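J.: everything below, folded, please.
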Amino acid sequence: MQALLRFSRGVDWLNTFVGKYVIWLILGSTIISAVNAVVRKAFNASSNAFLEVQWYLFAASFLLAAGYTLLQGEHVRVDVIASKLSKRAQTWIDIFGFVVFLTPMCAAVLWFGTPFFINALKTSEMSSNAGGLIRWPVYLMMPLGFTLLVLQGWSELIKRIAFLKGLIEDPTVKKGEKSTEEELAESIRRLAEAGGAQTTTQKAP
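T.: A predicted model of the protein is given here:
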């Protein structure tokens, strides 16, 4: 199990590293979009290359950051039922999801998407738009992104199992982050202090 936990820590480090720098692709896409808009309005000129590189960068940021998003627990969850269950039950639901849904879905995308990229690379497929870009770089983001995602899914699976075995703390609790109960208690304390301060002010001559 310790070897698996070391693998998990390595995957976490990799996706943290990727997520740290992928954010700059959003900035690049925004700048290109702004420059393209200014050039189009000011000089009545534009290029399909500018338009395509915007969605290239957006696709890269979306796909490459998927694993990091899972690591941070920021993916979309529907916890209407699960939130009412015990932590152990929630962990088993996560395990079921990683094994039955996430892994097969990523495997299917890699199985069908990788040949798609390889074919575009071999044929040097170009955009059908005039002045468009070569296509294989953006197709590459699909196998890369889903590889990072499935690796992170396995990392989370390992951590959930280790948690059930009592080897690690709850991996879903972010360090330094207050629990819902702690946030509620702090809010009540602040309200009480504010109410007390207001009462004291009103009583003062």
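J.: which neighbouring elements make contact with the lengthiest helix in the chain?
T.: Using DSSP state H to assign secondary structure, the helix with the most residues in the chain is helix 2-43. Here helix 2-43 touches helix 48-64, helix 66-71, helix 136-164, going by 3 or more C-beta pairs under 8 Å, 6 or more residues apart in numbering; DSSP states H and E. Heads up, the C-betas are built off the backbone N, CA and C, glycines and all.
J.: got the contact list for the residue most central in space within the chain?
T.: For the chain, the residue whose C-alpha lies nearest the mean C-alpha position (C-alpha atoms, centre = their mean) is Thr69; its distance is 1.8 Å. Contact criterion C-beta atoms under 8 Å, 6 or more residues apart in numbering gives 19, 75 as the residues in contact with Thr69.
J.: swap the cut-off to 10 Å and go again
T.: Residues touching Thr69, when contacts are defined by C-beta atoms under 10 Å, 6 or more residues apart in numbering, comprise 15, 19, 62, 75-76, 149, 152.
J.: try Phe101
T.: Residues near Phe101 by C-beta under 10 Å, 6+ apart: Gly153.
J.: switch the cut-off to 6 Å
T.: In this structure, Phe101 makes contact with no residue, judged by C-beta atoms under 6 Å, 6 or more residues apart in numbering.
J.: count the residues that sit near the closest residue to Asn36 other than its chain neighbours.
T.: Distance criterion C-beta to C-beta, 6 or more residues apart in numbering; nearest residue to Asn36, sequence neighbours excluded, is Phe50 at 4.3 Å. By the measure other C-beta atoms under 10 Å, the count of residues near Phe50 is 17.
J.: now swap in Phe96 and tell me
T.: When counting by other C-beta under 10 Å, one arrives at 11 neighbours for Phe96.
J.: sticking with it, tell me its helix or strand.
T.: Under the criterion DSSP states H and E, the helix or strand holding Phe96 is helix 87-97.
J.: what's that helix in contact with?
T.: By C-beta under 6 Å, 6+ apart, the residues outside helix 87-97 that reach it are 82, 160, 164.
J.: buried residues in that helix?
T.: Residues of helix 87-97 classed as buried: 90-91, 94-95, 97 (neighbour count, 16 or more other C-beta atoms under 10 Å).
J.: quick one: closest of the helices and strands packed on helix 2-43 to Leu121.
T.: Minimum separation from Leu121 across the helices and strands packed on helix 2-43 (C-beta to C-beta) falls at helix 136-164, 4.3 Å.
J.: what's the spacing between that closest one and its chain's center?
T.: The chain centroid and the centroid of helix 136-164 are separated by 10 Å under C-alpha atoms, centre = their mean, to the nearest Å.
J.: equivalent analysis for stretch 125-135, please.
T.: Computed by C-alpha atoms, centre = their mean, the separation of stretch 125-135 from the middle of its chain amounts to 29 Å.
J.: I am finished for the moment; much appreciated.
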